[in-house]
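Peer 1: coordinates for the following, if possible.
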Amino acid sequence: MHLPVDDAEKSKRSPCGTVTKLGCALLIGALIGVCSLLSGCTARTYTAIPAFTDLDNSGSATAALQLTNPATGSEIEGYASAVSVNRGEDISLYVNTAEPKYAIEVYRVGWYGGAGMKKMTSAITLPGVVQPPPAVDNVSGIIECDWHDPYVLHVPSSHEPADWPSGIYVAKLTAGTSGKQSYITFIVRDDERHSDLLFQSSVTTYQAYNEWGGKSLYTKKRAFKVSFNRPYLRGHGTGDMLYWELSMARYLEKEGYDVAYTTDVDTHSRGDLLLQHKAFLSVGHDEYWSWQMRDNVEAALNRGVSVGFFGSNTAYWQIRFEPSSITGDADRTIVCYKNQGADPLSHSDDPAMRRLTTVKFRSHPVDRPEDSLVGVMYESDPVQTDIVVSDASHWIFEGTGLKNGDILHDLLGYEVDRVFDHPPAGMQRIGHSPYPFHGDTRYADMTAYTMPNGSTVFAAGSMQWSWGLADPGLEGKTYDNPAVRRATRNILTRFGAHPGVSDIGTLPARQILPEIN
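Peer 2: The predicted structure follows:
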């Protein structure tokens, strides 16, 4: 049996530095290719998370999110006081810049007839604030900001669902003198709304990899705790939203699906809200879960809510949440020791406490392997190849024209899952994809199963599935795939969701994708 790569050795920092975007893409491709060919290769490659300026200009929706003058030297940066805000509530946006003035504009990300975003506020000019350096705890490694004088954004709430609807939002910051720009990202929830689909943004994983200030759960020496009270270094302040989640959001809104948005922090603390929706969607890279998240998703599944895992490496590390040591706000600190002996809870005499030890879900004393829920679990990275269909007769592939052995080009990666030893009852493997790894051949799997109560669970086993729905615009490859769109429509239909029922995020002109083209 192949053993998974230890995440203590895994990092997804870009290796490219100031190399041009084309050179970076070629470097990544060359490193992966060399490692695939050499037997016993031990070199590691890392995903190059693209900046907004690394996107192909031909994709208008993603091009709309590009920054014309990105801040690459912390000229202007910021973070939100919460990962999400409910309609009708306030959220504080903290900004650091040495320039005398800056402007802030708030946008909602969606389809919007191909425009990619809708401007929600006019530009607001504010005095610049030079914020104090962050507090650093040399024991835990946590880096936490205590910034002041935020811009307080009130999110309106009305009976009109299109008035500041639930969704992915970005606040664009523009320095007044240099024109340097960055983003703050947050989710607007609608806790009163019942929708077909609930889209989760996996911000705990954003934060786990966030090296702002010099520490993350992956740096050497790595931190054991990380704080949401700091900007995201990746994506010019958006974390990994662009890379892993934007394509699915664009697809759902272009097709007019009835979708609301949340975060994994809310899945932890507001698990009852999952019951207001027909299906829960985990998209892209959803690696860091708390015990309560796992409980809440399983409880929803047992209550008739379907679950789509449109990603991989899901629910791999267990985390705990703590309040901010500075503000006292709940769930602002992620705790993840990744080592049983180092975590104080592993020594507890109380089994209920000991099971919260921050190790892999599949490991003792947690003993909740991911595949017993998801159907598959993580095995390998880096991978960049094709998904291979192994059961074209399955209902997911109805109308796609796919046959056994057909491939979905370039959609297997960056991390991939396979079937292990704890399959849910009735699980079917519908994709079985070979890929080279350290001179050997391994297989990644795509699965689906249906609970006795009718809840359906789909697992793509690959982070890049959603790229086939709405091409991310990465230079050098085209990921758009009509068969993936049709299969996804089949999955969502089984979940009880149908296209064309919502105008939110689609205006000014909704365009419904054809069944297959």
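
Peer 1: rest of the way, CA atoms for contacts and neighbours
Peer 2: OK.

Peer 1: where in the protein is pLDDT low?
Peer 2: Applying pLDDT under 70 to the chain flags residues 1-64, 475, 507-517.

Peer 1: report the outermost residue of it with respect to its centre.
Peer 2: residue 349 (35.4 Å; CA atoms, centre = their mean).

Peer 1: what strand or helix carries it?
Peer 2: Using DSSP states H and E, residue 349 sits within no helix or strand.

Peer 1: which residues touch the nearest residue to residue 195 once chain neighbours are set aside?
Peer 2: Closest residue to residue 195 apart from its sequence neighbours, by CA to CA, 6 or more residues apart in numbering: residue 277 at 5.1 Å. When contacts are counted by CA atoms under 8 Å, 6 or more residues apart in numbering, residue 277 touches 194, 195, 196, 197, 198, 305.

Peer 1: phi and psi next, for the nearest residue to the first one once chain neighbours are set aside.
Peer 2: Closest residue to residue 194 in three dimensions, ignoring its sequence neighbours and counting by CA to CA, 6+ apart: residue 276, at 4.9 Å. Dihedral angles of residue 276 (phi, psi; degrees, to the nearest 10) stand at phi -90, psi 0.

Peer 1: swap in the one 4 residues further on?
Peer 2: Per-residue torsions, residue 280: phi -110, psi 130 (degrees, to the nearest 10).

Peer 1: so what's it bridging to?
Peer 2: residue 198, residue 307 (DSSP bridges).

Peer 1: what number of residues lie near it?
Peer 2: 28 (other CA atoms under 10 Å).

Peer 1: quick one: it from residue 335, how far?
Peer 2: Counting by CA to CA, to the nearest Å, the separation of residue 280 from residue 335 is 25 Å.

Peer 1: between the contacts of residue 277, identify the one with the most neighbours.
Peer 2: Counting neighbours by other CA under 10 Å, residue 197 comes out on top of the contacts of residue 277 with 28 neighbours.

Peer 1: thought it was touching residue 260?
Peer 2: Yes - counting by CA atoms under 8 Å, residue 260 is a contact partner of residue 197 at 6.3 Å.

Peer 1: still on that earlier bit, how near is the residue nearest to residue 194 to residue 374?
Peer 2: 21 Å.

Peer 1: and these two? Which one has more around it.
Peer 2: Neighbour tally, residue 276 and residue 374, criterion other CA under 10 Å: the higher count belongs to residue 374, 28 against 18.

Peer 1: the more buried one against residue 460, yeah?
Peer 2: No - Residue 374 sits out of contact with residue 460 when judged by CA under 8 Å, with a separation of 9.7 Å.

Peer 1: any residues in contact with both of these two?
Peer 2: residue 309.

Peer 1: for stretch 155-164, output the C-alpha coordinates as PDB.
Peer 2: Provided in PDB are the C-alpha atoms of stretch 155-164 (Å, rounded to 0.1, in the frame of the first residue of the first chain):
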ATOM      1  CA  VAL A 155     -24.600  45.000   4.700                       C
ATOM      2  CA  PRO A 156     -28.300  45.900   4.000                       C
ATOM      3  CA  SER A 157     -31.100  43.400   4.500                       C
ATOM      4  CA  SER A 158     -34.400  43.700   2.800                       C
ATOM      5  CA  HIS A 159     -37.100  41.400   1.400                       C
ATOM      6  CA  GLU A 160     -35.500  41.600  -2.000                       C
ATOM      7  CA  PRO A 161     -33.100  38.700  -2.300                       C
ATOM      8  CA  ALA A 162     -31.000  40.500  -5.000                       C
ATOM      9  CA  ASP A 163     -30.300  43.400  -2.600                       C
ATOM     10  CA  TRP A 164     -26.800  42.500  -1.300                       C
END
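
Peer 1: separation between the residue nearest to the spatial centre of the chain and residue 313?
Peer 2: Closest residue to the average C-alpha location of the chain: residue 202 at 4.2 Å, with CA atoms, centre = their mean. Between residue 202 and residue 313 the distance, using CA to CA, works out to 12 Å.

Peer 1: give me the common contacts of these two.
Peer 2: With CA under 8 Å, 6+ apart, residue 202 and residue 313 have common neighbours 285, 286.

Peer 1: all helices for the chain, in order.
Peer 2: Applying DSSP state H to the chain gives helices spanning 21-37, 60-63, 203-208, 246-254, 264-269, 291-302, 351-354, 371-374, 482-495.

Peer 1: any chance of these in TSV, with distance to residue 464 too?
Peer 2: TSV is the format used below for the helices of the chain (distance: least, CA to CA, whole Å):
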stretch	distance to residue 464
helix 21-37	16
helix 60-63	17
helix 203-208	16
helix 246-254	10
helix 264-269	20
helix 291-302	23
helix 351-354	35
helix 371-374	17
helix 482-495	11
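
Peer 1: tell me which of the ones you listed is the most buried.
Peer 2: helix 246-254 (a mean of 26; mean count of other CA atoms under 10 Å).

Peer 1: one step back: so who does the residue nearest to residue 194 touch?
Peer 2: With CA under 8 Å, 6+ apart, residue 276 has these contacts: 193, 194, 195.
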